[in-house]
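A.B. asks: Predicted model follows, preceded by the sequence.
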Amino acid sequence: MPAAPEPVSVDETARVFAGLTPHERIVLAVSGGSDSMALMALYGRHRSITPEAPDAVVVTVDHDLRAGSAEDAGFVVDAAERLGFSAIVRRWTGDKPGSDIQAAAREARYRILREAASEQGATAILTAHTRDDQAETFLMRLARGSGLKGLSAMPATRDLGGVELVRPLLGVGRDRLRATLHEAGIGFRDDPSNGNTRFARVRMRALMPALASEGLDAKRLADTAARLARADRAVDAMVERLAATHVEVHEGGFLSCPVAVLTEAEEEVRLRLLVAALGWVGGGVYGPRLEAAERAMARIIGDPVARMTLAGTRLVRRRDRVFVFREAGRAGLPRDHVAPGGSLVWDGRFRIALAPDAPDAVTVAPVGTAWRKLGGRGYDGRVPAAALAAVPAVYAGGDEAVAVPAFGHFADPRWAGSIATGFASPPPGRRL
Ligand SMILES: Nc1ncnc2c1ncn2[C@@H]1O[C@H](COP(=O)(O)OP(=O)(O)OP(=O)(O)O)[C@@H](O)[C@H]1O
């Protein structure tokens, strides 16, 4: 008989939350399931004996996808208030897709949590992912053919659009969280989808007892993921160094790199460099599948006139350089509006701000073929024309751009002092 799982001790709780002190206020993301109820209970206990622990607000997202979801949210609010937290419910409204609803719900949930955090003045969001979640993630990635980065599974912290996502319970087993709740006399809600074998995670979970009998328990799998994460960070550091010396960041928000740098690098390193470039140029929306990146790399290296689209981003080889850029002509490049005093992130890459005394509200859209007339500076024939056409331009009502700030070009001098632009995130290998 295996020993009964131990509740999480007070000392262990202090260790789990030790890294949070730089934050003054945090969000606890609570679904009402056992893991996040335990997160809330543990944090309540920790805060009551740790005066310097950040202040916390509980946020529960009602996905409004099944009967009873509002009751689950009410259950979380009641339990949070009993533990001395203030709690808010956020409902997922708007269009919901007919397929892949799980992924859409996750994306909406993170967006809603991020918005709630910034409204509440919180700088971190804590979720209750456990060691079991980590082990299941590792297995799912293995089944999908992931490389080193994917097999590193979930990092303990990551940036979520300016807020830190923290997973303090990644080293704690689900059974121990349940034991903790049991000991504290706190209930939880069972999500019926946790038993739905339509979901890969649920099917992986069902394999766990058989794997554990061969020594592949959640701890072993999660520890392996952690070792791979360590190796992954080492490769990332190599890629950063390579990018810092060899990747040219063009003012228009596209990148280029000598093909010789790719051929001389280790295969893993050059693939990472490609993925990093695609992620930055593409606004970090989604990356390519590993096999697709491998095929693309083989073509870039083998074909001096290679051109292709990968993960929504264009790759073009021109002589001995490869260019990575977004295409203006394809659907998807946005048209956004900014009022005087406002700012926005265009296409996930450019931050554009308008001074309060700017002459007018503007539209930001790709400059398209107009760049030829406007004359982007310094770009001779070595840069593919399509790369230049995807650069953001500022329009003030008419068809003619009043400015292409990335090129330092102002067709109408009244705008020169009132538009500020920069990259929204650092290009590969650079720090802003
Ligand atoms: N509806 C929600 N509202 C707020 N946070 C949520 C919600 N759903 C999930 N989360 C957060 O994301 C984490 C991981 O989500 P996941 O879907 O794996 O968990 P779950 O099975 O819904 O619930 P739990 O982890 O609480 O048992 C949760 O532990 C929780 O912190």
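C.D. replies: Now that the structure is in, tell me what you want to look at. Numbers count the residues shown, from 1 in each chain.
A.B. asks: Report the buried residues of the host helix or strand of Leu344.
C.D. replies: Element membership for Leu344 (DSSP states H and E) is strand 343-346. By neighbour count with 16 or more other CB atoms under 10 Å, strand 343-346 contains the buried residues Leu344, Val345, Trp346. Yep, even glycine has a C-beta here, placed from its N, CA and C like the rest.
A.B. asks: which strand in this protein runs the most residues?
C.D. replies: The longest strand of the chain (DSSP state E) is strand 55-62.
A.B. asks: That one - contacts with which helices or strands?
C.D. replies: Applying 3 or more CB pairs under 8 Å, 6 or more residues apart in numbering; DSSP states H and E, one finds that strand 55-62 makes contact with strand 25-29, helix 34-49, helix 69-82, strand 86-91, helix 101-120.
A.B. asks: want to throw the ones you listed into TSV with mean pLDDT?
C.D. replies: Below are the helices and strands packed on strand 55-62 laid out as TSV (pLDDT from 0 to 100):
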stretch	mean pLDDT
strand 25-29	98
helix 34-49	97
helix 69-82	96
strand 86-91	97
helix 101-120	94
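A.B. asks: Now the nearest residue to Ala231 once chain neighbours are set aside, what are its backbone angles?
C.D. replies: Closest residue in space to Ala231, ignoring its immediate chain neighbours: Leu148 at 6.2 Å, by CB to CB, 6 or more residues apart in numbering. Dihedral pair for Leu148: phi -50, psi -40, per degrees, to the nearest 10.
A.B. asks: What's the separation between Leu148 and the ligand?
C.D. replies: Using CB to the nearest ligand atom, to the nearest Å, Leu148 is found at 23 Å from the ligand.
A.B. asks: now Ser425
C.D. replies: Look at Ser425 and the ligand: by CB to the nearest ligand atom, they are 24 Å apart.
A.B. asks: burial measure for that residue, as a count.
C.D. replies: 17 (other CB atoms under 10 Å).
A.B. asks: Mind pulling the model confidence for it?
C.D. replies: At Ser425, the model reports a pLDDT of 85.
A.B. asks: my read: it touches Trp280, true?
C.D. replies: Yes - counting by CB atoms under 8 Å, Ser425 touches Trp280, with 6.9 Å between them.
A.B. asks: overlap in contacts of those two?
C.D. replies: Listed as contacting both Ser425 and Trp280 by CB atoms under 8 Å, 6 or more residues apart in numbering are Arg349.
A.B. asks: on that earlier part again, how about the contacts made by the residue nearest to Ala231?
C.D. replies: Leu228, Ala231, Asp232, Val235, Glu268.
A.B. asks: Also Ser69?
C.D. replies: Asp62, His63.
A.B. asks: how much space between it and Ser99?
C.D. replies: According to CB to CB, to the nearest Å, Ser69 and Ser99 sit 20 Å apart.
A.B. asks: and if you look at Asp336?
C.D. replies: Going from Asp336 to Ser99 by CB to CB gives 28 Å.
A.B. asks: higher neighbour count, the two?
C.D. replies: Asp336 (14 against 7).
A.B. asks: pretty sure that one contacts Val364?
C.D. replies: Yes - at 4.9 Å, Asp336 counts as touching Val364 under the criterion of CB under 8 Å.
A.B. asks: Between these two, which contacts overlap?
C.D. replies: Joint contacts of Asp336 and Val364 (CB under 8 Å, 6+ apart) are Leu344, Trp346.
A.B. asks: So, low pLDDT: which residues of the stretch 251-400 of the chain?
C.D. replies: For the stretch 251-400 of the chain, the stretches with pLDDT under 70 are 284-286, 329-332, 374-380.
A.B. asks: need the helices for it, in chain order.
C.D. replies: Using DSSP state H, counting those that start in this stretch, the helices of the stretch 251-400 of the chain run over 259-264, 267-281, 290-302, 370-374, 385-389.
A.B. asks: Kindly reformat these as JSON lines containing mean neighbour count and distance to Leu207.
C.D. replies: JSON lines is the format used below for these (neighbours: other CB atoms under 10 Å; distance: least, CB to CB, whole Å):
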{"stretch": "helix 259-264", "mean neighbour count": "16", "distance to Leu207": "39"}
{"stretch": "helix 267-281", "mean neighbour count": "22", "distance to Leu207": "29"}
{"stretch": "helix 290-302", "mean neighbour count": "16", "distance to Leu207": "23"}
{"stretch": "helix 370-374", "mean neighbour count": "16", "distance to Leu207": "55"}
{"stretch": "helix 385-389", "mean neighbour count": "21", "distance to Leu207": "47"}
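A.B. asks: May I see these arranged in a markdown table, with distance to Arg82 as well?
C.D. replies: Output for the helices of the stretch 251-400 of the chain, formatted as a markdown table (distance: least, CB to CB, whole Å):
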| stretch | distance to Arg82 |
| --- | --- |
| helix 259-264 | 58 |
| helix 267-281 | 43 |
| helix 290-302 | 47 |
| helix 370-374 | 61 |
| helix 385-389 | 58 |
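A.B. asks: Just tell me which of those ends up closest to Arg141.
C.D. replies: helix 290-302 (10.5 Å; CB to CB).
A.B. asks: Only C-alpha atoms, please: export the closest one in CSV.
C.D. replies: Presented in CSV, the C-alpha positions along helix 290-302 are these (Å, rounded to 0.1, in the frame of the first residue of the first chain):
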residue,chain,number,x,y,z
LEU,A,290,9.5,21.5,-35.8
GLU,A,291,9.4,19.4,-39.0
ALA,A,292,8.3,22.4,-41.0
ALA,A,293,11.1,24.5,-39.6
GLU,A,294,13.6,21.7,-40.5
ARG,A,295,12.3,21.5,-44.0
ALA,A,296,12.4,25.3,-44.4
MET,A,297,16.0,25.4,-43.1
ALA,A,298,17.1,22.7,-45.6
ARG,A,299,15.7,24.8,-48.5
ILE,A,300,17.2,28.0,-47.2
ILE,A,301,20.6,26.4,-47.1
GLY,A,302,20.3,24.4,-50.3
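A.B. asks: residue contacts, whichever residue of the chain sits closest to the ligand?
C.D. replies: Nearest residue of the chain to the ligand (CB to the nearest ligand atom) works out as Gly33 at 2.4 Å. Contacts here follow CB under 8 Å, 6+ apart; on that basis Gly33 touches Ala128, Phe188, Arg189, Asp190, Asp191, Asn194.
A.B. asks: Check Arg174 too.
C.D. replies: Each residue near Arg174 by CB under 8 Å, 6+ apart is listed here: Ser34, Asp35, Thr130, Arg131, Asp132, Asp133.
A.B. asks: Please give me every residue in contact with the residue nearest to Val367 when sequence neighbours are not counted.
C.D. replies: Counting by CB to CB, 6+ apart, the nearest residue to Val367 once its immediate chain neighbours are dropped is Ala393, at 3.7 Å. For Ala393, the contacting residues are Val364, Ala365, Pro366, Val367, Gly368, Ala370, Trp371, Leu374, Ala401, Ala403, Val404, by CB under 8 Å, 6+ apart.
A.B. asks: Cheers, nothing more for now.
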